[in-house]
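S.K.: Attaching a predicted model along with its sequence, questions to come.
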Amino acid sequence: MTRSAPASPRPGSSGRLSVTRVALLDRNSEAGQESKAALDEQFEAQRTLFIQCDVTEPEQLKGAFKKVIEHFGRLDIVVNNAGVNNEKDWESTIQVNLTSVIRGTYLGIEYMKKGNGGDGGVIINISSLAGLMPAAFQPVYCATKHGVIGFTRSIALAANMENYGVRLNTICPGFVNTPILQSIDKEENMGQYYSYKDEIKNMMQFYGVMDPSIIAEGLITIIEDDTLNGEVMKITASQGIHFHQYGQTPFTSSKR
């Protein structure tokens with residue numbers, strides 16, 4: 001699945017996030033239309049927008065962001081959620097999992113940063129627990145997810161130093177019950193690492209498989225808590241939502 005979600009939510013009166021306008025980007029038109037239809041059942045149809053887009057194509061992604069602004073008039077939240085797991089076609093894995101996330105982040109900052117006339121906002125880049133540990137059966141996937149964390153933490157510092165008014169955070173889920181999980185141990189995805197397929201099953205049994213709703217909870221927490229910037233949220237079946245702890249980074253307190 002390759003999907004991103006620029007959006008324009010507003011806080012609800014209950015204190016929880018009330019999403020009033022959402023744009024979905026996906027290269028799979030059928031899946032994107034199904035997602036929009038599901039949202040339309042809960043919200044008015046004009047509040048949701050689906051744009052068919054291959055996030056690895058720079059002009060398509062740039063055009064999609066432009067359409068969101070033209071349709072809704074503003075941008076407040078970007079979730080870079082596009083992801084694949086294919087060690088056989090590792091170049092594509094890098095393009096989807098890391099390059100498109102970087103490009104989506106820069107586009108989001110351009111539209112939202114206060115120096116460009118934006119009102120600020122928040123960008124959430126989806127990584128994985130594989131971005132915090134090694135994985136013998138998926139080294140390229142693992143590298144891309146490490147990259148998402150390193151990039152997001154670094155750009156969050158830069159955004160703070162430059163007073164963009166944009167917060168950037170990362171979510172690192174464990175195994176989640178999504179379509180990508182159904183093909184994670186297939187030979188066409190694992191390639192030369194197919195002999196490690198049983199290790200994947202053992203890890204899934206150890207860490208457990210979560211419902212996507214808990215990831216949504218983590219997402220809402222980051223959106224609503226404006227003190228969070230440069231944080232790495234971990235979500236696992238055993239520990240739920242919690243944050244990865246790093247030592248203090250020197251020389252980052254002010255613009256140099």
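M.R.: Structure received.

S.K.: Next one: residue 105 from residue 24, what distance?
M.R.: As judged by C-beta to C-beta, to the nearest Å, residue 105 and residue 24 stand 18 Å apart. Any C-beta I mention is one placed from the backbone N, CA and C, and that applies to glycine too.

S.K.: sorry, that was for residue 51
M.R.: Counting by C-beta to C-beta, the gap from residue 51 to residue 24 is 7 Å.

S.K.: neighbour count winner among those two?
M.R.: The neighbour count for residue 51 versus residue 24, taken as other C-beta atoms under 10 Å, is higher for residue 24 (24 against 21).

S.K.: Wasn't the more buried one part of a helix?
M.R.: No: Residue 24 is assigned strand when assessed by DSSP: H, G, I helix; E, B strand; the rest coil, not a helix.

S.K.: what ranges of the stretch 101-250 of the chain fall below the confidence cut-off?
M.R.: Along the stretch 101-250 of the chain, segments meeting pLDDT under 70 span 250.

S.K.: Kindly recompute the last result at 80.
M.R.: For the stretch 101-250 of the chain, applying pLDDT under 80 flags the ranges 179, 248-250.

S.K.: mind listing the helices for it?
M.R.: Remark: helices assigned in the stretch 101-250 of the chain by DSSP state H, counting those that start in this stretch are 139-161, 179-182, 187-190, 197-207, 212-224.

S.K.: Please identify the most buried of those helices.
M.R.: Of all those, helix 139-161 carries the top mean neighbour count, a mean of 20, counting by mean count of other C-beta atoms under 10 Å.

S.K.: elements contacting that one?
M.R.: helix 90-94, helix 100-112, strand 121-126, strand 166-173 (3 or more C-beta pairs under 8 Å, 6 or more residues apart in numbering; DSSP states H and E).

S.K.: got CSV for these, with mean neighbour count and distance to residue 29 too?
M.R.: Output for those, formatted as CSV (neighbours: other C-beta atoms under 10 Å; distance: least, C-beta to C-beta, whole Å):
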stretch, mean neighbour count, distance to residue 29
helix 90-94, 16, 19
helix 100-112, 22, 18
strand 121-126, 25, 22
strand 166-173, 25, 26
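
S.K.: shared neighbours, residue 51 and residue 24?
M.R.: residue 32 (C-beta atoms under 8 Å, 6 or more residues apart in numbering).

S.K.: Could you confirm residue 87 falls within a strand?
M.R.: No: applying three-state DSSP, one finds residue 87 to be coil, outside a strand.

S.K.: got the buried residues for stretch 42-57?
M.R.: 48, 49, 50, 51, 53, 54, 55, 56 (16 or more other C-beta atoms under 10 Å).

S.K.: Of the helices and strands packed on helix 139-161, which is nearest residue 202?
M.R.: Nearest to residue 202, of all those, is strand 166-173, at 18.4 Å by C-beta to C-beta.

S.K.: strands paired with the closest one, and their directions?
M.R.: Here strand 166-173 is paired, per DSSP bridges, with strand 121-126 (parallel), strand 232-236 (parallel).

S.K.: can you list these in JSON lines and add distance to residue 179?
M.R.: Formatted as JSON lines, those follow (distance: least, C-beta to C-beta, whole Å):
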{"stretch": "strand 121-126", "distance to residue 179": "15"}
{"stretch": "strand 232-236", "distance to residue 179": "18"}
